[in-house]
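Undergrad: quick one, structure for this:
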Amino acid sequence: MQSLVLSFALAGAFACGAQPKKPTNPLGDSPQVAEAGQQLYNRTCTGCHGPDGGEGERAPSLDANRRYFRVSEAAIFEVVKNGIPGTAMPSTNLPDTEIWKIVAFIRNVRATASDLVVAGDVRNGMLVFRGEGGCVRCHMIRGQGGLLGPDLSSIGAQLPLKKLHETLTKPRPIPIGFRPVTVTNLQGETISGVARNADGFSLQVLDAKGKLHLLDTKELRTVNYAKESLMPHNFDRTLNGEQYRDLVAMLAVQARTKVRAPLQGENEAGR
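TA: Purely as a prediction, here's the structure:
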């Protein structure tokens, strides 16, 4: 079986010439439909493609790039159902309903969080971000918040939903420019924060109050870098189920140019 990625591109080009309106997935794109499609995919497609859309022996990973996310659902359905004549991509005898579930899973594989419908109350998620979650102390959304962590104004458009969950629940590599550091100068004064920039001659440290310290390494007695990020990785345990769900839903819509979560005082019906 050749790559579904190539197949989808070919099918998409073929479908562009069709005049009738392209059908959309009648089952929708909810997480439940995508999960059911994942199970079907793992039973029927892994002879060539790897489990869960990963790389297989005869076909590459489906998440190698996102370009097929822009291919219509109808084009993907056509490829899965009828295959591609003249290639190793075969047709399938699955019922249409099951094929649509697989389509939902395939679209889900490389979608960013903001591409999906993520259940939860976005407004309450912002309240958790600013309150119980404590995220606002280090992270900024659209100009409001702390500076010790990365700006999250576009996090939903940058990460797949799975990765977004992992940033909240699993230890992650420390992003460049956010490594925790504690330095002591020759006078015995200590400064703690994150190392924004460093070279053999100077070090820039941003402290918890947002002050940037420009330091000459010759004037430092000690420089100690932390091995772990300041970012907690247990939000699924420190927050209750509703709070965690709503926090994820709020972060998922952060895409700058797309729908956004409300700032404090704005009205939002939730999602």
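Undergrad: pretty sure L152 is in a strand, no?
TA: No - going by DSSP: H, G, I helix; E, B strand; the rest coil, the assignment for L152 is coil, not a strand.
Undergrad: how near is it to P31?
TA: 22 Å (Cβ to Cβ, to the nearest Å). Using the backbone N, CA and C atoms, a C-beta is placed for each residue, glycine as well.
Undergrad: can you pull out the strands in this structure?
TA: With DSSP state E as the criterion, the chain has strands at 140-141, 144-145, 179-185, 190-198, 202-207, 212-216, 220-225.
Undergrad: of all those strands, which one is nearest E242?
TA: E242 lies closest to strand 140-141 among the strands of the chain, at 20.4 Å (Cβ to Cβ).
Undergrad: tell me where the stretch 151-271 of the chain is predicted with low confidence.
TA: Within the stretch 151-271 of the chain, the ranges that satisfy pLDDT under 70 run 256-271.
Undergrad: go ahead and flag the most central residue of the chain.
TA: L159 (1.9 Å; Cα atoms, centre = their mean).
Undergrad: quick one, what contacts that one?
TA: Counting by Cβ atoms under 8 Å, 6 or more residues apart in numbering, L159 touches T112, A113, T167.
Undergrad: before we move on, what about L147?
TA: L147 touches C138, M140, L206, G210, counting by Cβ under 8 Å, 6+ apart.
Undergrad: in PyMOL, select just the buried ones from those.
TA: Buried residues among those (16 or more other Cβ atoms under 10 Å), as a PyMOL selection:
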select buried, resi 138+140+206
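Undergrad: what number of residues lie near K209?
TA: By other Cβ atoms under 10 Å, 9 other residues sit near K209.
Undergrad: then L168?
TA: 21.
Undergrad: that one: what's its closest spatial neighbour, skipping adjacent residues?
TA: Closest residue to L168 apart from its sequence neighbours, by Cβ to Cβ, 6 or more residues apart in numbering: F235 at 4.2 Å.
Undergrad: before we move on, what about N197?
TA: Q204 (4.5 Å).
Undergrad: try L203
TA: In space, and not counting its chain neighbours, L203 is closest to L215: 4.6 Å by Cβ to Cβ, 6+ apart.
Undergrad: gap between that neighbour and V205?
TA: From L215 to V205 the distance is 6 Å (Cβ to Cβ).
Undergrad: for these two, indicate the residue with more neighbours.
TA: V205 (22 against 17).
Undergrad: thought that one was touching G193?
TA: Yes - counting by Cβ atoms under 8 Å, V205 touches G193, with 4.6 Å between them.
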